[in-house]
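In: A predicted structure for the sequence below; I have some questions about it.
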Amino acid sequence: MSTPIPPAADAVPQEIHVPWEGEGKRPNLLDVRNFGIMAHIDAGKTTVTERILFYSGRIHRTGEVHEGKATMDHMKEEQERGITITSAATNTRWRGCHLNIIDTPGHVDFTAEVERSLRVLDGAVAVFDAEAGVEPQSETVWRQANRYKVPRICFLNKMDKAGANFDAAVASIRTRLGAKAFPIQYPIGQEASFRGIVDVLENTAILYDDESQGRRFHTEPVPEDLKAKVEALRRELVEAAAEMDDSLLERYFAGEELHRDDLLVAIRRGVLSGAIVPVLCGSALRNKGVQRLMDAVCYFLPSPLDIATVTGLHPDTQAEIVRHPDSNEPLAALAFKTVADKNGDLYFVRVYSGRIEQGMQVWNAVRGKRERVGRLVLMHAAEREAVDVLEAGHIGAVVGFKDTYTGDTLCTKEAPILLEPMQFPETVISMSIQPQSRTDRDKLGEALSRLAREDPTFRTWTEEETSETIISGMGELHLEVLVSRLLNEYKIACQVGQPKVAYRQTLKRGGEIEGRHVKQSGGRGQFAVVRLRITIHEQTENDFESSIVGGAVPKEYVSPVNQGLMAACQEGYPLGFPFVKLHFDLYDGKHHEVDSSEMAFKEAARVALRGATAEFGVDILEPWMMVTITAPEKNLGDVLGSLNQRRGQVDRTEKSSGDAMRVYAHVPLAEMFKYSEVLRGLTQGRGVYTMEPFEYRVVPQSIAEKIRKEVEAERARRNR
């Protein structure tokens, strides 16, 4: 028996936006779902995506992640490691609904891929391992979705896995994520006995035929031993849904049996507002529950019309501009991902209003440049499908841009707009990289530049004193994958140095400082004086403002002061570590009608920061990581002891699944190198950990002295 089709059109309230077969009955955008699959590593995101493509007819046989044959894991590194490294886009149709899907990575080193995907998506499916429940990266991606107010539904995957516990997993979603999670399904059996699901709303059991890869199933009454549990869940769900509509609530309190369609409308309203997070379950690998998940995506996640508006700023006036998901409005689109490709770099875009047509000219409002649209494509993993136009509400890719980067806004010059840019974390680890041959040396610079263009959390630069090439990223795995890509994609073999912590520095205190650059050498001289008020703030980024009145520093020289300060911060005198957490206020200065220039004011700003380091002193900052360790309870003492030895601060411990405990701690990155080997030894190979950047903290005095001596010794070695 096939999956039941959605209700007939005349039986469904218009607000529910349930798609059905037949074109032209409703506006197309009502039937579009832009959503992502997000989860902790190994929860089964890519397998879920693979089954969605299979059941929708997009692919005709499934490829498994553990075999390195999953459709969405198309990079060689992904296939070899069995993990998702870059977010991959695809599209398919289900019950007349057009699904634009982005499968995101689960490893914390690649969390920027999740960040930029959630920035442009309308909804998300959060996948959880039913045995582990909420895991560390689950919390990270959930926070990212909270930041962008993305409506979500949850899928408890691997219900057939040993230790799977539906109730415990739901409880962890409620307690650890603070989500208002309501099961709309319940498993029939768990672990090896898992064989189907109960639809809580319809009070029906669904049992799958294993021989048909889950394409055939039949319905039965709810098993006797589950009736009480399902009735309690249904009552809880109906109450939550009724609270979304006053008239529905009145009917509920009056004892009226609420119609299924009314409840679907109310649940959908709750999903869009964040008041309800539906929880479904199944086993993607065993072909159970995925079709119902696809139905839930169509029923509950928003269409572009539900998002209604996007807000931006005018590039010149900073006035607020509102755009709607309407192809007849002026263009507003966001470039959220770049992929270097030998057939032409791909620029993934989300169109919020207007339309992008092949061959048209668009305006990059961030760079102030025109770009020509060469070709437009829809993506299916690594495959491209040519289209003539991308309209409001859709996601696609452009070939042909030259000066566009991740986070840039595309619009028309006649109606410019700047959309909110994406924020990415600072890199925390670096290493030197050296090509093995002279031929490779010539190609390395271009290859690193292309990788940095793709990945906004990857940095590369050349040390001036040693001419060493340095790469910097989010973790050891991140850099390891990038080095592997250099070999596999660009055919460049490299030797790498030992990983190093990406230290930063800041001033010990703020105050007022003057920078003076005055030179006279016969001809035209150089004259610039800047007076700055420097304060230390909490945010990592530096910023600048001008409170100049009366023209002490002419307007055309204010921007060069800012540029000079930011360059000096990056230069990082005296230790070579970039400055962070500084706020600069240019409040006074002097200029000369003839001898002042942009270059003079840049140099005066640089002199001012150097003077501040001498007058106010410098603190070295080191990255601290949020570390989550899962280990057997019997090894808990050893694990806590190992963290104390590493200057770690334990936040809390809690029971995980089975006999395991979970430890949450903050630890300096410098103490975490090779920790996986240590943890394996302490736990007989059963312990695992994840970590993500937390904040920069001042290094203790004894360690700061050691770092200073290392910097001096390295400089002495270079000068020999």
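Out: Structure's in. What do you need?
In: any idea of the pLDDT on the spatially closest residue to Ile188 that is not a sequence neighbour?
Out: Leaving aside its sequence neighbours, Ile188 sits nearest to Gly196 (Cβ to Cβ, 6 or more residues apart in numbering; 4.2 Å). (C-beta placed from N, C-alpha, C; glycine too.) Listed pLDDT for Gly196 reads 94.
In: Which strand or helix spans Gly564?
Out: helix 555-571 (DSSP states H and E).
In: Contacts only, for the closest residue to Gly214 other than its chain neighbours.
Out: Nearest non-adjacent residue to Gly214, counting by Cβ to Cβ, 6+ apart: Asn287, 3.0 Å away. Taking Cβ atoms under 8 Å, 6 or more residues apart in numbering as the contact definition, Asn287 lies against Arg51, Tyr208, Asp210, Gln213, Gly214, Arg215.
In: let's see it at 10 Å
Out: Arg51, Phe54, Tyr55, Thr62, Tyr208, Asp209, Asp210, Ser212, Gln213, Gly214, Arg215, Phe217 (Cβ atoms under 10 Å, 6 or more residues apart in numbering).
In: so where's this protein uncertain?
Out: 1-27, 63-86, 106-109, 464-466, 521-523, 718-720 (pLDDT under 70).
In: Okay, now the sheet partners of the strand ranked longest in it, with direction.
Out: Longest strand in the chain by number of residues (criterion: DSSP state E): strand 618-632. Here strand 618-632 has these sheet partners by DSSP bridges: strand 504-507 (antiparallel), strand 660-668 (antiparallel), strand 688-698 (antiparallel).
In: what's near enough to touch the residue nearest to Ile188?
Out: 159, 185, 187-189, 205-208, 217-220, 223, 282, 288-289.
In: Residues in a beta bridge with it, which ones?
Out: Ile188, Leu207.
In: got it, and Lys590?
Out: Val529.
In: one step back: filter the contacts of Gly196 down to the buried ones.
Out: Met159, Gln185, Pro187, Ile188, Ala205, Ile206, Tyr208, Phe217, Gly282, Lys288, Gly289 (16 or more other Cβ atoms under 10 Å).
In: Hmm, Val222 and the fourth one touching each other?
Out: Yes. Under the criterion of Cβ atoms under 10 Å, Ile188 makes contact with Val222 at 8.7 Å.
In: Now list whatever residues contact both of those two.
Out: Common neighbours of Ile188 and Val222 (Cβ under 10 Å, 6+ apart) are Val198, Ala205.
In: so how many other residues sit close to the residue nearest to Gln190 when sequence neighbours are not counted?
Out: What sits nearest to Gln190 in space, not counting adjacent residues and going by Cβ to Cβ, 6+ apart, is Ala164, at 4.9 Å. By other Cβ atoms under 10 Å, 26 other residues sit near Ala164.
In: I'd say Ala164 and Lys158 touch.
Out: Yes. Look at Ala164 against Lys158 with Cβ under 10 Å: they come within range, at 6.2 Å.
In: if I look at those two, which residues touch both of them?
Out: What both Ala164 and Lys158 touch, as defined by Cβ under 10 Å, 6+ apart, is the set Asp129, Ala130, Glu131, Ala132, Glu191, Phe194, Cys281, Ser283.
In: Can you tell me which of those is nearest Leu682?
Out: Nearest to Leu682, judged by Cβ to Cβ, of those is Ala132 at 20.3 Å.
In: host element of Arg717?
Out: helix 701-719.
In: mind listing which of the shared contacts of Ala164 and Lys158 are in strands?
Out: Counting by DSSP E, the shared contacts of Ala164 and Lys158 contribute Asp129, Cys281 to strands.
In: Specify which member of the shared contacts of Ala164 and Lys158 is nearest to Glu654.
Out: Nearest member of those to Glu654, counting by Cβ to Cβ, is Ala132, at 12.9 Å.
In: For Val518, the count of nearby residues, please.
Out: Count around Val518 with other Cβ under 10 Å applied: 14.
In: so what's it up against?
Out: With Cβ under 10 Å, 6+ apart, Val518 has these contacts: Gly525, Gln526, Phe527, Ala528, Val529, Lys590, His592, Asp595, Ala600, Ala604.
In: Give the helix, strand or coil label for it.
Out: strand (DSSP: H, G, I helix; E, B strand; the rest coil).
In: separation between it and Thr613?
Out: Val518 sits at a distance of 21 Å from Thr613 (criterion: Cβ to Cβ, to the nearest Å).
In: just to revisit the earlier point, out of the contacts of Asn287, grab the one that's most surrounded.
Out: Most crowded among the contacts of Asn287, counting by other Cβ under 10 Å, is Arg51 at 27 neighbours.
In: Ramachandran angles for the most centrally placed residue in the chain?
Out: Nearest to the mean C-alpha position of the chain, by Cα atoms, centre = their mean, lies Glu115 at 1.7 Å. Glu115 has phi and psi values of phi -60, psi -50 when expressed as degrees, to the nearest 10.
In: and what of Val297?
Out: phi -60, psi -50.
In: Just give the nearest non-adjacent residue to it, would you?
Out: Arg33 (5.6 Å).
In: name the element the one you found belongs to?
Out: Residue-wise, Arg33 maps onto strand 32-39 under DSSP H and E.
In: what's the answer for Asp42, then?
Out: Counting by DSSP H and E, Asp42 is found in no helix or strand.
In: Against Arg176, how distant is it?
Out: 18 Å.
In: any idea how far the residue nearest to the centre of the chain lies from Ser87?
Out: Counting by Cβ to Cβ, the gap from Glu115 to Ser87 is 10 Å.
In: residues shared between the contacts of the two?
Out: Joint contacts of Glu115 and Ser87 (Cβ under 10 Å, 6+ apart) are Thr104, Phe336.
In: Just to be sure, Met599 is in a helix?
Out: Yes. Assessed with three-state DSSP, Met599 lies in a helix.
In: how long is stretch 379-388 end to end?
Out: Across stretch 379-388, the terminal residues are separated by 14 Å (Cα to Cα, to the nearest Å).
In: go on, stretch 235-254?
Out: 15 Å.
In: Show me what counts as buried in that stretch.
Out: Leu237, Val238, Ala240, Ala241, Ala242, Met244, Asp245, Leu248, Leu249, Arg251, Tyr252.
In: what distance separates it from the centre of its chain?
Out: Centre-to-centre, stretch 235-254 and its host chain are 36 Å apart (Cα atoms, centre = their mean, to the nearest Å).
In: How about residues contacting it?
Out: 180, 182-184, 200-201, 256-259, 262-273, 275-276, 278-279.
In: How many residues are close by Arg375?
Out: With other Cβ under 10 Å as criterion, Arg375 counts 17.
In: Contact partners for it?
Out: Contacts of Arg375 by Cβ under 10 Å, 6+ apart are 343-344, 346, 358-359, 384, 386-388, 397-400.
In: which one of these is nearest Gln645?
Out: Checking those one by one against Gln645 (Cβ to Cβ), the nearest turns out to be Leu346, at 46.6 Å.
In: Kindly state the beta-bridge partners for the closest one.
Out: Going by DSSP bridges, Leu346 forms beta bridges with Val339, Val399.
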